[in-house]
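>>> Below are the sequence and a predicted model for it; my questions follow.
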Amino acid sequence: MRLDERYPVAISMLFNLIAIVIKYMIFSSTFSRAVYSEIFHSIGDTSNSLTLFIGTQVYRTKPSPRYPFGVGKVLYISSLFSSIILAGSIFYMIIAENIRIYSIPEQLAMNSSGFWIYMSVPILFDIATMFIAIRMIRSKQGRPIVLGPLILEDLMGLSGNLMAAASLALSNRILDIYISSIIAFIILAGSIHIGYRSIEALIGHSAPKEVVARIIKIALSTPGVVDVNDAKTMIIDPDRYLAIIQIEVREDMTVKEVEEIKEDIITSIKKNLPEIRYLILDIVKPREPEKSYVSLLREIKEI
């Protein structure tokens, strides 16, 4: 993974830490529930950025005899724990407290006029880091596998900060509680999304269907290959996959010709699909049924 990809992630962590301090100062003066929710939002974003930063470090760790495929999945483990902790804290610290305050009329008074302007700082932070990440992806200096989640994090943060600023400007406690609850569900949705992706990776989901289809097409385009019987892929760590491919070759081919085909396929896949880190080719003679690759491509579309 390129060193450049750590830059926007590190900037995001710094901005989120500053945002937590700013939001806490606003909350201590206004007791705005929306801002309170945004404090948790920034804590969650900091945790997500930290997870991504760890991922950029772990990604470059070389495999060892103890961990032959590397330790990249530690990124998903930390991400899963982060999402679980954040999701659990939302209902306990935000939703439950909102219900309690709503039920006590004397706690519904609110005076936050003028404080909304301070929320412009976290808003600008989100816009800045999102702009940097998008620009790096477009310039090929960074890959979506790392910067994509960072952009999603900034979009969710931007929406939450805008709602919190609006709540402060309107200075209405009832509306503030409703906005706080909406922000809480935004955080919850993000936590569920991150958790789901982490579980998928830990189970070992396949490479994107475009990548699998490309592997099959590369194999079929190699002279001497009759069919592709199977194509199994599994994520090893972010943007790196293991692929096990079974291909059929003509029955009249010599051992030397088979070895040449094998070398051609491996070279072509490594050149065109660098994300395939490990490749195993199983070469067999023609067998029934014919054109297995047709049903295989049909199955891949459902991934």
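Yep, that arrived.
>>> all helices in the stretch 151-300 of the chain, in order from the N-terminus.
173-203, 209-220, 255-272, 292-300 (DSSP state H, counting those that start in this stretch).
>>> Quick one: the ones you listed as JSON lines, columns for distance to Lys73, mean pLDDT and mean neighbour count too.
C-beta coordinates here come from the backbone N, C-alpha and C atoms, glycine included. Output for the helices of the stretch 151-300 of the chain, formatted as JSON lines (distance: least, Cβ to Cβ, whole Å; pLDDT from 0 to 100; neighbours: other Cβ atoms under 10 Å):
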{"stretch": "helix 173-203", "distance to Lys73": "6", "mean pLDDT": "86", "mean neighbour count": "19"}
{"stretch": "helix 209-220", "distance to Lys73": "19", "mean pLDDT": "93", "mean neighbour count": "18"}
{"stretch": "helix 255-272", "distance to Lys73": "23", "mean pLDDT": "92", "mean neighbour count": "14"}
{"stretch": "helix 292-300", "distance to Lys73": "24", "mean pLDDT": "84", "mean neighbour count": "15"}
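>>> So for Asn229, which of these sits nearest?
Closest of the helices of the stretch 151-300 of the chain to Asn229 is helix 292-300, at 4.7 Å (criterion: Cβ to Cβ).
>>> In the chain, which strand is the longest?
Within the chain, and with DSSP state E defining each element, the longest strand by residue count is strand 225-237.
>>> That one pairs with which strands?
If you go by DSSP bridges, strand 225-237 pairs up with strand 240-249 (antiparallel).
>>> what comes up buried for the longest strand of the chain?
By 16 or more other Cβ atoms under 10 Å, the buried positions in strand 225-237 come out as 225-229, 231, 233-237.
>>> so it versus helix 292-300, what angle?
30 degrees (axes from the mean of the first three to the mean of the last three Cα atoms, to 10 degrees).
>>> what pLDDT, on average, does strand 225-237 get?
Taken as a whole, strand 225-237 carries a mean pLDDT of 90.
>>> quick one: contacts for Lys232?
206, 243-245 (Cβ atoms under 8 Å, 6 or more residues apart in numbering).
>>> Any chance of JSON lines for the helices of the stretch 151-300 of the chain, columns distance to Trp116?
Shown next, in JSON lines, are the helices of the stretch 151-300 of the chain (distance: least, Cβ to Cβ, whole Å):
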{"stretch": "helix 173-203", "distance to Trp116": "12"}
{"stretch": "helix 209-220", "distance to Trp116": "45"}
{"stretch": "helix 255-272", "distance to Trp116": "52"}
{"stretch": "helix 292-300", "distance to Trp116": "50"}
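>>> For Ile132, which of the ones you listed is the nearest?
helix 173-203 (20.2 Å).
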